[in-house]
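Undergrad: take a look and give me a structure for this.
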Amino acid sequence: MPSPTLSKKTDQKNTVLENAKKLFRVIYFEENKEEKDDNDAPKIKVSDLVSKMAFYYEKIRNTVDYKEEHLLRKNAIERILRRQIVIEGVISLKGLNSRDIAGELLTELIRAAYLKNNTVEEAKIDEIGAVVDKYLRLKRYRLEHSKDFAHEKNHTAAWIISLLACDIEERLGRSETDMAVVDYMYNILSRNIELPVNSPYADDREIQIYISINRCYLKFDRDMLSFILFKHYNPGWKNPDEETIERIAKNIGDLKDRIEKNLEHPLSGQLNRIINKYNVFFSILTDVIRDDPRGVYDSFTKDPKAFARNIKKMCSKRYLAARKKLWRAAVRSIMYIFITKSVFAVLLEVPATKWFGEEINPVSLLINISFPALLLFIIVLFTRLPSEANSNRIVEGIEGVVFEKKKEDVHKLRPPVRRSRFMHTTFGFIYSVTFFLSFGTIIWALDKIGFNWVSITIFLFFLAFVSFFSIRIRKGAKDLLIVEREDNILSLLADFFYVPIVEAGKWLSEKFSRINVFVFILDFIIEAPFKIFVTIAEEWTKYVKERKDEI
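TA: Sure, this is the predicted structure:
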């Protein structure tokens with residue numbers, strides 16, 4: 001199929017922007033490029049049979065440690081590096097070899113199906129090894145300059161490993177389409193977002209827009225955003241000399257604090273709200289183009305109304321896909337909560353009830369076992385898909401970023417809200433009242449049906465935990481909303497009493513994720529011996545194959 005004729009003249013009303021033409025080209029060539037297979041270049045190959053064991057282990061590991069799907073490879077890289085550098089490096093009592101770390105890392109990623117087998121060239125080991133060596137030197141220099149060794153070992157050193165994981169993840173390949181969209185969005189928003197007059201954040205505007213695009217569109221987590229800021233403040237980091245590494249290591253504490261402040265920037269909330277709308281426009285636009293790059297581009301002149309029809313058709317597909325993804329996420333969440341929380345709660349409820357001399361209530365026990373899954377099921381069931389009006393607004397937004405307009409949308413940011421101490425105190429008091437009123441009402445109701453205080457505690461734990469998880473898993477469907485639903489008295493009352501419960505769930509999630517017993521067992525007790533077993537099995541299959549070839 002010939003490439004799209006992007007130089008073709010279009011109707012005056014539908015003059016395509018240059019950035020849009022570039023996006024068409026990138027998507028076209030990415031969708032139609034041929035896989036190159038240079039047989040002369042040696043590649044990393046692992047046993048398919050042994051890989052299945054590693055693959056299923058990774059599935060189990062991801063079930064008991066709930067993370068977003070697009071972050072799984074990056075998190076796996078970080079976990080492997082921590083084991084190799086922190087655990088195995090200490091146990092071996094010898095210097096760490098950067099190339100060995102890189103080779104083992106790539107091999108484990110292939111075994112776990114994060115990278116394709118027999119496609120990664122062995123030369124990649126040297127490239128990743130050089131990256132590992134750079135960060136190990138940074139870590140070593142920092143420990144030399146550290147005044148508080150224990151603090152640095154537990155905090156800054158761990159942060160350096162997370163930066164290393166993000167650097168490696170980036171080098172393993174990112175979608176060219178995603179990068180083109182990020183540049184496209186930045187080009188539009190950097191022109192059309194205005195700060196208030198005399199804003200103290202003028203110097204932060206560009207980097208904050210870029211960070212928000214990566215946070216909202218690519219769904220980067222805090223570590224990946226930290227890596228972007230780390231590169232921003234250290235432009236020579238790609239190929240640093242020894243003096244540069246030592247200088248960064250010496251000042252890394254201040255640099256880390258600066259990055260943390262940028263991640264909590266006062267403008268980020270407003271920028272996220274603006275960019276979330278553009279996320280919908282660009283994600284659906286890329287899907288429409290992928291379906292038929294040349295046909296969509298030619299329709300601008302042959303059938304101008306076809307573009308809007310294609311967008312609405314894609315909106316319907318995305319809504320249905322969001323519904324399916326919502327249910328998949330709900331099932332994953334139910335499994336995660338049941339395996340990591342419900343089992344322990346039930347095992348705790350019976351002995352704790354007896355220990356404190358309370359009477360065991362079979363009804364409360366049954367409710368606490370079934371309640372989390374049932375609540376999540378009900379929440380997902382009543383999650384509504386976007387309306388036709390939402391699709392019409394998406395059409396307008398996409399046409400606005402694809403075609404030239406006489407007047408572009410300008411987004412004016414407001415100065416961050418600064419409330420007086422009196423207002424903070426007043427609102428804090430009201431929030432505290434709603435918090436105790438919400439939980440107090442639930443405790444009163446549970447007490448009336450015979451729950452003892454142990455069962456009530458477990459019930460409240462699950463209520464808060466599941467409420468927070470429901471917000472997370474519904475985010476994919478809500479991200480497609482452009483037309484916001486109007487509030488009514490019932491929704492305002494629901495938010496008034498429900499937000500404290502969700503807030504409690506968020507706090508519990510953050511605290512309990514750090515003490516996930518299953519994750520601890522898998523990472524520190526099972527994983528290292530399991531990886532050794534997998535490596536031995538891999539070598540054994542090679543040995544058997546060699547003996548077979550000799551025969």
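Undergrad: and the next element down the chain from the helix or strand bottoming out on mean pLDDT in the chain?
TA: Of all helical and strand segments in the chain, the minimum by mean pLDDT, DSSP states H and E falls on helix 89-92, at a mean of 45. Going down the chain from helix 89-92, the next helix or strand is helix 98-111, by DSSP states H and E.
Undergrad: state the next helix or strand along the chain beyond that next one.
TA: helix 123-145.
Undergrad: is Ser199 in a helix, a strand, or coil?
TA: coil (DSSP: H, G, I helix; E, B strand; the rest coil).
Undergrad: and the gap between it and Glu260?
TA: Remark: distance between Ser199 and Glu260 (Cβ to Cβ, to the nearest Å) = 21 Å. C-beta: built from backbone N, CA, C; applies to glycine.
Undergrad: shaky segments in the stretch 101-250 of the chain?
TA: Within the stretch 101-250 of the chain, the stretches with pLDDT under 70 are 145-154.
Undergrad: what about Ser199 and Glu260, which has more around it?
TA: Using other Cβ atoms under 10 Å as the criterion, Ser199 and Glu260 rank with Ser199 on top: 16 against 13.
Undergrad: for that one, phi and psi?
TA: phi -70, psi 140 (degrees, to the nearest 10).
Undergrad: now do the same contact list for it.
TA: By Cβ atoms under 8 Å, 6 or more residues apart in numbering, Ser199 lies in contact with Leu413, Pro415.
Undergrad: with Glu170 instead?
TA: Phe227.
Undergrad: please verify my assumption that Phe468 contacts Leu508.
TA: Yes - here Phe468 lies in contact with Leu508, judged by Cβ atoms under 8 Å, at a distance of 7.5 Å.
Undergrad: what segments of the protein are strands?
TA: Using DSSP state E, the strands found in the chain span residues 193-194, 411-412.
Undergrad: how is this structure partitioned into domains?
TA: The chain is divided into the following domains under automatic domain parsing: 1-33+174-304, 42-173, 305-515.
Undergrad: which stretches in the stretch 451-551 of the chain count as helices?
TA: 453-473, 475-478, 489-513, 517-520, 527-550 (DSSP state H, counting those that start in this stretch).
Undergrad: worst average pLDDT in these?
TA: When the helices of the stretch 451-551 of the chain are ranked by mean pLDDT, helix 517-520 comes last with a mean of 51.
Undergrad: only the buried residues of the longest helix along the chain, if you could.
TA: Ordering each helix of the chain by length in residues (DSSP state H) puts helix 306-337 first. With burial defined by 16 or more other Cβ atoms under 10 Å, the residues of helix 306-337 counted as buried are 307-308, 310-312, 314-315, 318-319, 322-323, 326, 329-330, 332-334, 336-337.
Undergrad: do stretch 397-417 as well
TA: Going by neighbour count (16+ other Cβ under 10 Å), the buried part of stretch 397-417 is Gly397, Ile398, Glu399, Val401, Val402, Phe403, His411, Leu413.
Undergrad: with stretch 196-206 instead?
TA: So for stretch 196-206, counting by 16+ other Cβ under 10 Å, buried means Ser199, Asp204, Arg205.
Undergrad: neighbours of the residue nearest to Phe462 when sequence neighbours are not counted, how many?
TA: Nearest residue to Phe462, sequence neighbours excluded (Cβ to Cβ, 6 or more residues apart in numbering): Pro372, at 4.7 Å. Here the number of neighbours of Pro372 (other Cβ under 10 Å) works out to 23.
Undergrad: what's the nearest residue to Ile44 if we skip its chain neighbours?
TA: Val120 (4.9 Å).
Undergrad: Asp409 too?
TA: Asn192 (6.1 Å).
Undergrad: that neighbour: neighbour count?
TA: So Asn192, with other Cβ under 10 Å, has 14 neighbours.
Undergrad: wait, doesn't it sit right on Lys405?
TA: No - assessed by Cβ under 8 Å, Asn192 is found out of contact with Lys405, at 11.3 Å.
Undergrad: circling back: save the strands of the chain as CSV, and put in distance to Phe439 too.
TA: Putting the strands of the chain into CSV (distance: least, Cβ to Cβ, whole Å) gives the following:
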stretch, distance to Phe439
strand 193-194, 41
strand 411-412, 39
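Undergrad: closest one to Pro266 among these?
TA: Comparison of the strands of the chain against Pro266 by Cβ to Cβ identifies strand 193-194 as nearest, at 14.4 Å.
Undergrad: how close does Val417 sit to Gln270?
TA: 10 Å.
Undergrad: ignore the last one, Leu105
TA: 39 Å.
Undergrad: with neighbour numbers in mind, choose between the two.
TA: Leu105 (21 against 18).
Undergrad: before we move on, the earlier item: export the buried residues of stretch 397-417 to CSV and tack on distance to Leu72?
TA: Formatted as CSV, these follow (distance: Cβ to Cβ, whole Å):
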residue, distance to Leu72
Gly397, 31
Ile398, 30
Glu399, 35
Val401, 30
Val402, 33
Phe403, 38
His411, 34
Leu413, 34
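Undergrad: which of these lies closest to Asn390?
TA: Closest to Asn390, out of all of the buried residues of stretch 397-417 and judged by Cβ to Cβ, is Gly397, at 10.5 Å.
Undergrad: residues contacting that closest one?
TA: Neighbours of Gly397 in contact, by Cβ under 8 Å, 6+ apart: Lys277, Tyr278, Val280, Phe281, Ile482.
Undergrad: wait, which of those is closest to Glu69?
TA: Val280 (19.3 Å).
Undergrad: make sure that closest one is actually in contact with Ile482.
TA: Yes - counting by Cβ under 8 Å, Val280 touches Ile482, with 5.8 Å between them.
Undergrad: between those two, who's got more neighbours?
TA: Neighbours were counted for Val280 and for Ile482 using other Cβ under 10 Å; Val280 has more, 22 against 18.
Undergrad: measure that one to Trp327 for me?
TA: 21 Å.
Undergrad: again, but for Lys33
TA: 34 Å.
Undergrad: could you do Ile311 as well?
TA: 25 Å.
Undergrad: give me every residue that touches Ile482.
TA: Lys277, Val280, Pro386, Asn390, Arg393, Ile394, Gly397.
Undergrad: distance to Arg474 for the residues you listed - can I get that in a markdown table?
TA: A markdown table is the format used below for the contacts of Ile482 (distance: Cβ to Cβ, whole Å):
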| residue | distance to Arg474 |
| --- | --- |
| Lys277 | 18 |
| Val280 | 16 |
| Pro386 | 13 |
| Asn390 | 16 |
| Arg393 | 20 |
| Ile394 | 19 |
| Gly397 | 22 |
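Undergrad: what count of nearby residues applies to Ile110?
TA: Other residues close to Ile110 by other Cβ under 10 Å number 21.
Undergrad: by how many degrees do the longest helix of the chain and helix 453-473 diverge?
TA: If you take axes from the mean of the first three to the mean of the last three Cα atoms, to 10 degrees, helix 306-337 sits at 160 degrees to helix 453-473.
Undergrad: what mean pLDDT does helix 306-337 have?
TA: 84.
Undergrad: report all helices and strands that that helix contacts.
TA: Judged by 3 or more Cβ pairs under 8 Å, 6 or more residues apart in numbering; DSSP states H and E, helix 306-337 is in contact with helix 48-64, helix 268-291, helix 293-302, helix 362-381, helix 388-402, helix 453-473, helix 475-478.
Undergrad: would JSON lines of those with distance to Cys216 be doable?
TA: Below are those laid out as JSON lines (distance: least, Cβ to Cβ, whole Å):
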{"stretch": "helix 48-64", "distance to Cys216": "24"}
{"stretch": "helix 268-291", "distance to Cys216": "5"}
{"stretch": "helix 293-302", "distance to Cys216": "25"}
{"stretch": "helix 362-381", "distance to Cys216": "23"}
{"stretch": "helix 388-402", "distance to Cys216": "15"}
{"stretch": "helix 453-473", "distance to Cys216": "15"}
{"stretch": "helix 475-478", "distance to Cys216": "11"}
